[in-house]
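Enquirer: Starting from these lines, generate the structure:
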Amino acid sequence: MGTLCPGLQVSTSVNPHILWVSVQNRHALHGAYMPFIRQCGLFIPTYDHYSLGDELFIVLDLFGEAEPLPVSAKVVWINPFDVADERIPGVGVKVNSRNVDLVAQKIASYLQGAPQNDYFTYTM
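Expert: Next up is the predicted model:
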C-alpha cells in the first residue's frame with residue numbers, strides 16, 4: 001500500500017489481518033497514537049476494510065529498532081475511506097497482547113518531550 005501518512009508505512013500480507021507497520025518519526029507516531037484508548041491504542045492508515053472487533057496481528061517497527069514488536073490488537077475505531085471529509089482512512093486498534101506494557105512504554109518514551117499542541121492526530 002502507498003503512504004497515506006508521511007513517516008508511517010503500512011503493508012499487508014496475503015492475510016489482511018497481518019500488518020507490518022513502520023513508524024519512522026515522532027510526528028507520525030504522535031499522529032497515530034491514541035492516548036484515549038485504555039492501555040495502548042494506535043491508528044493504522046489503510047484502505048483495507050475492517051470491522052469493529054476484528055483481531056489483527058501487527059509487526060510494529062518503531063524508528064527502525066533492531067527488533068520489531070509483535071502486537072495483537074482489536075479494531076476499536078474506523079475512519080472509512082468513502083466519507084467526504086478530510087480524515088485519513090484507517091482503523092484504530094487497541095493493543096491487547098501480553099507485551100502491551102512494553103509497547104506503551106516504548107511509545108511513551110519516543111513521545112516524551114514532544115510538544116503536544118504542535119502535532120495533529122489522525123483520529124481526534
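Enquirer: where do the strands sit along the protein?
Expert: 8-12, 18-23, 41-45, 55-62, 69-79, 90-95 (DSSP state E).
Enquirer: Of all those, which one is nearest Tyr110?
Expert: Between Tyr110 and the strands of the chain, the tightest spacing by C-beta to C-beta is seen for strand 55-62, at 6.4 Å. In this view, the C-beta of every residue, glycine as well, is placed from N, C-alpha and C.
Enquirer: Tell me the gap between the closest one and the middle of its chain.
Expert: Distance of strand 55-62 from the chain centroid (C-alpha atoms, centre = their mean, to the nearest Å) equals 8 Å.
Enquirer: ditto for stretch 35-46
Expert: On C-alpha atoms, centre = their mean, the centre of stretch 35-46 falls 6 Å from the chain's centre.
Enquirer: which other residues reach that stretch?
Expert: 1, 4-5, 8, 10, 12, 19, 21, 31-34, 56, 58, 60, 73, 76-77, 79, 88-96, 100, 103-104, 107, 121-124 (C-beta atoms under 8 Å, 6 or more residues apart in numbering).
Enquirer: What are the buried residues along that stretch?
Expert: 37, 40-46 (16 or more other C-beta atoms under 10 Å).
Enquirer: so who does Ala104 touch?
Expert: Ala104 neighbours (C-beta under 8 Å, 6+ apart): 39-40, 95.
Enquirer: List the buried residues in stretch 11-21.
Expert: 19, 21.
Enquirer: Let me see the mean pLDDT of it.
Expert: Taken as a whole, stretch 11-21 has a mean pLDDT of 91.
Enquirer: Likewise for stretch 53-67?
Expert: 95.
Enquirer: What's the end-to-end length of that stretch?
Expert: 28 Å (C-alpha to C-alpha, to the nearest Å).
Enquirer: which residues are contacting that stretch?
Expert: By C-beta under 8 Å, 6+ apart, stretch 53-67 touches 17-25, 29, 42, 44, 50, 68-75, 91, 93, 103, 106-107, 110.
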